[in-house]
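>>> Based on what follows, work out the 3D shape:
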Amino acid sequence: MNIGNYKHGMTGTRLHDIWCGMTSRCTNPNDKNYHNYGGRGIQVCLAWRDFVVFHDWAIANGYDDTLTLDRKDNNGNYEPDNCRWATNVEQQNNRRYVINIEIDGIIDTFSGWSKRTGIPRTTLKTRYYEQGLRGSKLIAKRWN
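Reported below is the predicted structural model:
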């Protein structure tokens, strides 16, 4: 890396591609995902507009090729305090539309509760949305 003239030698690497995607989603109205990011006011912090700064944060915060960049608060910006490296499952469970269900102090998604109980996810969704069941009634094997 040569910070003086911004040659970093990482063009085409997975980490650089992640940075390019993040930047494009937030700044380029022609990006197919702009409406979900820049169009909603999501921005990339000033420091991360420099790839080398983003790279250094990524390496210091656990980046590896199996993880994805995830915003802790989906309405927040891409910035060090709001981002982490996450597995695909962690990231899928942190989407805007995912419902987190608390039962007996445990918070999980429909998929998570399905795995825990053996009740199909579609059954849980039907109970939740169509029957209005909540809490332990949602995961009861039988109910009256």
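>>> Let me see the ranges of the helices in the chain.
14-27, 51-60, 88-92, 110-117, 121-125, 136-139 (DSSP state H).
>>> With respect to Lys72, which of these lies nearest?
Closest to Lys72 of the helices of the chain is helix 88-92 (C-beta to C-beta; 10.5 Å). Quick note: C-beta positions are derived from backbone N, CA and C, even for glycine.
>>> can I see the domain layout of the chain?
3-92, 101-139 (automatic domain parsing).
>>> Which of the ones you listed comes out lowest on mean pLDDT?
Of all these, the minimum mean pLDDT falls on domain 101-139 (a mean of 86).
>>> Give me the buried positions along it.
101, 103, 108-110, 112-114, 119, 124, 127-128, 133, 138-139 (16 or more other C-beta atoms under 10 Å).
>>> Please apply the same query to stretch 11-21.
Leu15, His16, Ile18, Trp19.
>>> mind checking how far that stretch is from the chain centre?
Distance, stretch centre to chain centre, for stretch 11-21: 17 Å (C-alpha atoms, centre = their mean, to the nearest Å).
>>> can you check stretch 60-70 too?
Centroid separation between stretch 60-70 and its chain, computed with C-alpha atoms, centre = their mean, is 12 Å.
>>> outside of it, which residues touch it?
Outside stretch 60-70, the residues within contact range by C-beta atoms under 8 Å, 6 or more residues apart in numbering are 14-15, 18, 22, 58, 78, 80, 83-88, 90-91, 94.
>>> Could I have the buried ones of the residues you listed as PyMOL selection syntax?
The PyMOL command for the buried members of the contacts of stretch 60-70 (criterion: 16+ other C-beta under 10 Å) is given here:
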select buried, resi 15+18+22+58+78+83+84+85+86+91+94
